[in-house]
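Participant: Below is the structure, and that's it, no one-letter string:
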């Protein structure tokens, strides 16, 4: 032992108390911050939150403005994002966890995914601007490949331009790494014995995945998917880069429609100097937070109800 | 009347379980190929991001009508005024310093508060308190960042900062920095807590058996044992802070200046990109292209930080049985 020094008991008791106080203080700060945030928004926003606010389009006059366009836009964009990101994320996770053998390539892909999750979302916006909105300049908007007619719900043009589908694919890129990582963790938590039992019964690798591993991991995967979607629905920066419109006076009719989303609308209103706009921004934030809370509640319910213990 | 064997065969084939070995092999193979293709999508994403950024950045540095722009002038120039003045100046240092100032303020707030909250959660809190606090943190983690920007503008700056000193303007680095700090707090906290909880109970019990107080156990056993995880959590959170866009676009101001004064307005790299992409700068113009060079710089910084975090986790992790 190199320490010959004894610390007096009073000092040790004091440091112990101080540590406890510091930890409690820090936790209190976190709780206070959340309370201050919610109270500020409630005070500013509740007055403006009316039925007509939910069902009107944006307006120059704050008293007449509403959020129907960004609300529908958020739903469209988030749905496209879910349709793309959830299957791709789960598929990638299945390959990495169930198929790929330990190799240099696998660890490189893994490192690549964790790096992607650290890339700022605005950088994904730039990628999407070049790839989805402009299609790398291979075709211009005047000379686009067109499928279906402009009135139909199946109307599609390539390049996409700043449309709903470009927005949804952009968000899919942003949340894909999160989706992959959470699905991987879910698959990893399935006990190896279940797979071995299925293999011993003569299952092929895919049968093991489809009938055993996936069902066992599904509640956790769904929780991860919902949390990814709540991330997607709150993103504004990449959509701002691809040219999400700040003022839209229609709800999306098909994949090629112009769109705006709730966070972009909040940004637009919060950035104005007049306090009346701050009030409707706060009201829009309340709507956004209610949507998020619903997402989180669903995630918690899935986690608690569907999660059966896999090992007894 | 059918025989049992025929009935069984009919039932089995109805459920589609009987397949020839050749079909089964083909099926398995195509599923595997599809999964590989999905996995390659994420690799492709990285490749395309880098290709796009590199190409556009090279385009910016080689613009024929702007021979004064070079790598040297870009990275050492102390003035960033692409839109004002007769001659645009592209020195990225003010944008980097603005980003670092906001990130530093966020880190100074979030790292101690987050780590201490994590210690509270993992070492002090009862399971009940813990689950309540975890849900508070989950709510904080789910709040869209534009909401924190709004909070900085309507609460932090007018009610916390401006009463302290009249030098704080509507837009300032401090308010934005604190809001970014609040945003990264749940990340610091939940990742550090994971790291601390991964430290085996036997280490704590051993220290208690030697007569250690809770402070001794926490500060001299648990935190050192979980240090790699805590450092990785800090790095990840700071990376998020550097890349954060909406808060700084709302609350930090729009003036790129080289300053360490938190009451001044600053422009970060991300806020500049917002300004360009929201504005109507012509797509072939020099200021539009400069945003790609800024994006590339941002990408490199965050890439290096995430990579360092991964290396720290891998190399310095203390493994316990």
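Facilitator: Okay, I see it. The shown structure was predicted, so the numbers you read here are calculated from the model rather than taken from an experiment.
Participant: so who does the closest residue to chain A within chain B touch?
Facilitator: Nearest to chain A in chain B, going by CB to the nearest CB, is residue B:243, at a distance of 2.5 Å. Using the backbone N, CA and C atoms, a C-beta is placed for each residue, glycine as well. Residue B:243 is in contact with A:118-123, B:270, B:298, B:302, counting by CB atoms under 8 Å, 6 or more residues apart in numbering or on different chains.
Participant: Report the two members of the residues you listed separated by the largest distance.
Facilitator: Maximum pairwise distance among the contacts of residue B:243 (CB to CB): 14.2 Å, between A:118 and B:270.
Participant: Please identify which of those two sits among more neighbours.
Facilitator: Neighbour comparison, residue A:118 and residue B:270: the larger count goes to residue B:270, with 29 against 22 (by other CB atoms under 10 Å in any protein chain shown).
Participant: pretty sure that one is in a strand, no?
Facilitator: No: counting by DSSP: H, G, I helix; E, B strand; the rest coil, residue B:270 is located in no strand; its state is helix.
Participant: any idea which of the contacts of residue B:243 is the one closest to residue B:124?
Facilitator: residue A:118 (31.0 Å).
Participant: Just give the closest residue to that closest one, not the sequence neighbours.
Facilitator: In space, and not counting its chain neighbours, residue A:118 is closest to residue B:306: 3.2 Å by CB to CB, 6 or more residues apart in numbering or on different chains.
Participant: which parts of the helix or strand containing the one you found are buried?
Facilitator: According to DSSP states H and E, residue B:306 maps onto helix B:286-315. Neighbour-count burial for helix B:286-315, counted by 16 or more other CB atoms under 10 Å in any protein chain shown, picks out B:286-299, B:301-303, B:305-306, B:309-310, B:312-313.
Participant: likewise stretch B:124-131?
Facilitator: B:124-125.
Participant: Please apply the same query to stretch B:213-227.
Facilitator: Buried positions in stretch B:213-227, judged by neighbour count with 16+ other CB under 10 Å: B:213-219, B:221-223, B:225-227.
Participant: quick one: it to chain centroid distance?
Facilitator: Stretch B:213-227 sits 27 Å away from the centroid of its parent chain (CA atoms, centre = their mean, to the nearest Å).
Participant: For residue A:156, give its distance to residue A:163.
Facilitator: 9 Å (CB to CB, to the nearest Å).
Participant: correction: residue A:278
Facilitator: 30 Å.
Participant: Counting neighbours, go ahead and name the busier of these two.
Facilitator: Taking neighbours as other CB under 10 Å, residue A:278 and residue A:163 compare with residue A:163 leading, 26 against 21.
Participant: Just give the nearest non-adjacent residue to the more buried one, would you?
Facilitator: The nearest residue in space to residue A:163 (CB to CB, 6+ apart) is residue A:256, at 4.7 Å.
Participant: again with residue A:80
Facilitator: residue A:168 (2.5 Å).
Participant: shared neighbours of residue A:156 and residue A:163, which are they?
Facilitator: Common contact partners of residue A:156 and residue A:163 (CB under 8 Å, 6+ apart): A:255-256.
Participant: Quick one: list the elements packing against the helix holding residue B:306.
Facilitator: With contacts taken as 3 or more CB pairs under 8 Å, 6 or more residues apart in numbering or on different chains; DSSP states H and E, helix B:286-315 sits against helix A:104-118, helix A:121-128, helix B:21-61, strand B:89-90, helix B:93-119, helix B:227-243, helix B:269-278.
Participant: and which of the buried residues of stretch B:213-227 is nearest to residue B:39?
Facilitator: Comparing these against residue B:39 with CB to CB picks out residue B:226 as the nearest, at 31.5 Å.
Participant: residues touching residue A:47, list them.
Facilitator: Neighbour list for residue A:47: A:279, A:283 [criterion: CB under 8 Å, 6+ apart].
Participant: And residue B:233, by the same measure?
Facilitator: Contact partners of residue B:233, counting by CB under 8 Å, 6+ apart, are B:114, B:187-188, B:191-192, B:195.
Participant: What ranges does the stretch 51-200 of chain A have for its strands?
Facilitator: For the stretch 51-200 of chain A, applying DSSP state E, counting those that start in this stretch gives strands covering A:145-147, A:156-158.
Participant: pLDDT score for residue A:1?
Facilitator: At residue A:1, the model reports a pLDDT of 46.
Participant: that older thread, can you select the buried ones among the contacts of residue B:233 for me in ChimeraX?
Facilitator: Selection command for ChimeraX covering only the buried members of the contacts of residue B:233, criterion 16+ other CB under 10 Å:
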select /B:114,187,188,191,192,195
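Participant: Please list which of the contacts of residue B:233 also come close to chain A.
Facilitator: residue B:114 (CB under 8 Å from any CB of the partner chain).
Participant: on that earlier part again, now do the contacts for the residue nearest to residue A:118.
Facilitator: Residue B:306 touches A:114-115, A:117-119, B:235-236, B:239, counting by CB under 8 Å, 6+ apart.
Participant: just to revisit the earlier point, so for the residue of chain B closest to chain A, what's the pLDDT?
Facilitator: 93.
Participant: Residue B:149: neighbour count?
Facilitator: 30.
Participant: Please disregard the earlier target; I meant residue B:152.
Facilitator: Counted with other CB under 10 Å, residue B:152 comes out at 29.
Participant: dump the residue contacts of it.
Facilitator: B:175-176, B:178-179, B:247, B:250-251.
Participant: and these as a markdown table, adding neighbour count, distance to chain A and secondary structure?
Facilitator: Listed next are these as a markdown table, based on neighbours: other CB atoms under 10 Å in any protein chain shown; distance: CB to the nearest CB, whole Å; DSSP: H, G, I helix; E, B strand; the rest coil:
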| residue | neighbour count | distance to chain A | secondary structure |
| --- | --- | --- | --- |
| B:175 | 33 | 13 | helix |
| B:176 | 34 | 13 | helix |
| B:178 | 27 | 9 | helix |
| B:179 | 33 | 10 | helix |
| B:247 | 32 | 10 | helix |
| B:250 | 28 | 6 | helix |
| B:251 | 32 | 9 | helix |
